[in-house]
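A.B. asks: I would like to see how this sequence folds:
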Amino acid sequence: MQAEPILQEAPREPEKYKVKGLDWVKSIPFLALHVAAVVGLFFFPITWQGVLLCVVLYYVRMFGINTGYHRYFSHRSFKTNRWFQFLLALLGTLSVQKGVLWWAAHHRNHHKYSDQENDVHSPTIQGFWWSHVGWVLSRKFDKAPLELMKDFEKYPEIQWLNRHFLIPVVLYAAALYAFGGWAAFFWGFVVSTVVLWHGTFTVNSLAHLWGKRRYNTGDTSRNNLWIALITLGEGWHNNHHYYMNSARQGFFWWEIDASYYVLRMLSWARIVWDIRVPPAHVLSSQKM
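C.D. replies: So this is what the prediction gives:
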């Protein structure tokens, strides 16, 4: 869909903005987990059990982010009951990407100003590293435009998760240690979380720089199979920006969208319903 026009603001200097916006104290846990993921390999060598645990928990939590935080809470692309809504929010929370209302509010704002000056993570405006990770570590975006989230802010359990997002994360990490010791903690939390962060962040950065464009969306969003594979379907980003309310982001059969396939299976059990898909006029729209 076409990005909405915005009022022109005084230009800012992107490089200074990037440096001054970072909160280095808040960045310590983020950077420390990266160091731990590398140093830990000397203590916990690669095994098939460790890699399997890492990959399984990566994709389970990726589903929480891209189907829960993104397709459901940001775009309401399908309907579900209240308990599964909470489960989606919880799975997204375990990805360690802050609260669900914070995440979805910033994402709605991103679509409103995609690749324009007010976009919080545009690689064409602020550069690759800012769009990939810098904006998350910035003081500027600690507060989210929660006025955009009135539809979900009314649920007290969602508000609680949004405010106390670190509690489920700590319990998740502790459970891994309790059931599998430090090796399970290392592979299931440390390594899996670091890889999950960068897998998710590629949608904000690389999916606006690398790939093909089917539709003229007014921004630089692109479709990329490789990003789709590591994000369970989020790599069809140009499709998504053209028709953002679709739960199916791989518009055509050859565009692999694993999250949509899971939603279809959940719909057979009536756990989700009213799954939005691109209408015929979108599929046959004039392509670039």
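A.B. asks: for the helix ranked longest in the chain, what is the distance to the chain centroid?
C.D. replies: When the chain is parsed with DSSP state H, its longest helix is helix 166-185. The chain centroid and the centroid of helix 166-185 are separated by 22 Å under CA atoms, centre = their mean, to the nearest Å.
A.B. asks: show me the strands in this protein, by range?
C.D. replies: Counting by DSSP state E, the chain has strands at residues 79-80, 272-273.
A.B. asks: include mean pLDDT and distance to V35 when you put the ones you listed into JSON lines, please.
C.D. replies: For the C-beta atoms, the positions are set from N, CA and C on the backbone; glycine is no exception. Converted to JSON lines, the strands of the chain look like this (pLDDT from 0 to 100; distance: least, CB to CB, whole Å):
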{"stretch": "strand 79-80", "mean pLDDT": "97", "distance to V35": "39"}
{"stretch": "strand 272-273", "mean pLDDT": "97", "distance to V35": "39"}
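A.B. asks: the ones you listed: which one's closest to V51?
C.D. replies: Smallest distance to V51 across the strands of the chain (CB to CB): 30.8 Å, for strand 272-273.
A.B. asks: what does the longest helix of the chain contact?
C.D. replies: The contact list for helix 166-185, computed with CB atoms under 8 Å, 6 or more residues apart in numbering, reads F43, F44, G50, L53, L90, T93, L94, V96, L161, G188, F189.
A.B. asks: at 6 Å instead, please
C.D. replies: F44, T93, L94, V96, G188, F189 (CB atoms under 6 Å, 6 or more residues apart in numbering).
A.B. asks: in CSV, list those residues along with neighbour count, distance to A178 and pLDDT.
C.D. replies: Listed next are the contacts of helix 166-185 as CSV, based on neighbours: other CB atoms under 10 Å; distance: CB to CB, whole Å; pLDDT from 0 to 100:
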residue, neighbour count, distance to A178, pLDDT
F44, 17, 17, 95
T93, 27, 19, 97
L94, 21, 16, 97
V96, 21, 19, 96
G188, 24, 12, 97
F189, 25, 12, 98
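A.B. asks: got JSON lines for those, with distance to A280 too?
C.D. replies: Output for the contacts of helix 166-185, formatted as JSON lines (distance: CB to CB, whole Å):
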{"residue": "F44", "distance to A280": "52"}
{"residue": "T93", "distance to A280": "37"}
{"residue": "L94", "distance to A280": "38"}
{"residue": "V96", "distance to A280": "40"}
{"residue": "G188", "distance to A280": "44"}
{"residue": "F189", "distance to A280": "45"}
